[in-house]
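Participant: Kindly generate the corresponding structure for this input.
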Amino acid sequence: MQQEPVAEYTKVESIFVRHRNCLMLKGQFTPIFTDYYLHLLDLKEEHKENLDTALKDLLAVLTLHLTSRPWAETHAWTVNLRAPRVNFFATGSSVNENIVGKVFTKDVREPDRNLLYAQVIDRDKGGDPQLSTVEVPELDPCRWVEAYYEQSDQRPARCFKMPNEEYVLIAAQPDFDEEWLNELDEEKVAQLLQVEETKVLETRKYKFECGCSIERIMPGLLGYKDKLDELFQNDDQLAVNCPRCGTKYELTRELILDFAKRVEEARKQAEGGKS
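Facilitator: Purely as a prediction, here's the structure:
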């Protein structure tokens with residue numbers, strides 16, 4: 001049998017449930033998960049099954065949450081767990097149509113509680129990032145996002161992992177039907193579009209993509225341009241990993257010096273233009 005090609009993007013619908021005053025976010029995440037596994041192949045990495053599943057769930061629920069928020073916001077979540085002692089990281093943007101994440105298992109500090117650290121940057125408003133910290137249950141991202149809504153947004157939400165890699169997040173709006181929301185289960189969610197009056201508000205699309213490059217990593221190394229012997233430790237190349245996705249870049253002294261020269265030239269041109 002000929003297999004259906006996997007779509008390039010995961011499309012997430014934002015749907016208002018009339019008379020219940022709830023917002024339903026739903027998407028089918030095979031495209032994102034496919035690109036995630038291709039990325040792991042490139043890195044020659046493999047996670048334990050429970051960690052792999054949790055990271056995919058986190059990518060899905062954060063993508064749903066992104067779709068409920070203004071377009072200009074970028075969200076980054078880090079979850080630090082006691083057992084297993086591991087960090088999960090995921091970040092995404094509706095403007096860039098991307099979501100990316102990584103599992104950290106080495107040199108992870110042991111917290112006294114399971115904590116989710118959420119950061120929001122609004123590029124339209126500028127200013128410092130908004131930060132919040134939420135205590136979460138153990139290894140279940142669907143419960144993590146529910147805890148985030150309850151403690152940070154101070155409104156309830158329900159998250160469901162459906163068959164065929166579909167996920168659904170239903171968030172309360174003002175004057176929501178509390179009893180209806182609390183009684184939802186997977187079966188009722190599967191029938192929701194048939195039994196409730198709904199309206200699609202918008203559709204956004206996302207893919208698993210970091211957007212990292214040598215050009216984006218290099219600025220963090222400019223402070224070493226006069227201390228390259230200390231940085232390279234007699235090696236010809238320096239391996240630098242992207243902290244967001246783990247992609248490895250091989251840098252040379254010449255690359256760093258050339259980048260520093262171009263930054264300095266750009267700075268002088270900018271100063272000349274002002275004068």
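Participant: contacts, neighbours, all on C-alpha from now
Facilitator: Noted.
Participant: Which residues are in contact with the closest residue to G92 other than its chain neighbours?
Facilitator: Leaving aside its chain neighbours, G92 sits nearest to I99 (4.1 Å; criterion: Cα to Cα, 6 or more residues apart in numbering). Residues near I99 by Cα atoms under 8 Å, 6 or more residues apart in numbering: L59, T63, A90, T91, G92, S93, Y206, K207, F208, E209, C210.
Participant: Now, those residues that are in strands?
Facilitator: A90, T91, G92, S93, Y206, K207, F208 (DSSP state E).
Participant: which one of the residues you listed is nearest P137?
Facilitator: A90 (17.5 Å; Cα to Cα).
Participant: Look at the spatially closest residue to A147 that is not a sequence neighbour and say how many residues are nearby.
Facilitator: Nearest non-adjacent residue to A147, counting by Cα to Cα, 6+ apart: V136, 6.1 Å away. By other Cα atoms under 10 Å, the residues close to V136 number 22.
Participant: Surely V136 and E150 touch.
Facilitator: No: if you go by Cα atoms under 8 Å, V136 and E150 don't touch, sitting 10.6 Å apart.
Participant: you'd agree L222 is up against D258?
Facilitator: No: contact criterion Cα under 8 Å: L222 and D258 do not qualify, at 10.6 Å.
Participant: The two: which is more packed in?
Facilitator: L222 (16 against 12).
Participant: Tell me the spacing between the closest residue to that one other than its chain neighbours and K225.
Facilitator: Distances taken as Cα to Cα, 6+ apart put A260 closest to L222, at 6.4 Å, once the chain neighbours are dropped. According to Cα to Cα, to the nearest Å, A260 stands 7 Å off from K225.
Participant: list the contacts for the residue sitting nearest the centre point of the chain?
Facilitator: Against the mean C-alpha coordinate of the chain, by Cα atoms, centre = their mean, the closest residue is T91 at 2.5 Å. Contact partners of T91, counting by Cα under 8 Å, 6+ apart, are L62, T74, H75, A76, W77, I99, V100, G101, R244.
Participant: For it, give its distance to A190.
Facilitator: T91 is 28 Å from A190, by Cα to Cα.
Participant: same check, this time on T133
Facilitator: 32 Å.
Participant: do the same with P219
Facilitator: 48 Å.
Participant: so I256 makes contact with G220?
Facilitator: No: counting by Cα under 8 Å, G220 is not a contact partner of I256; they are 10.4 Å apart.
Participant: And these two? Which one has more around it.
Facilitator: Each of I256 and G220 has its neighbours counted (other Cα under 10 Å); I256 has more, 20 against 8.
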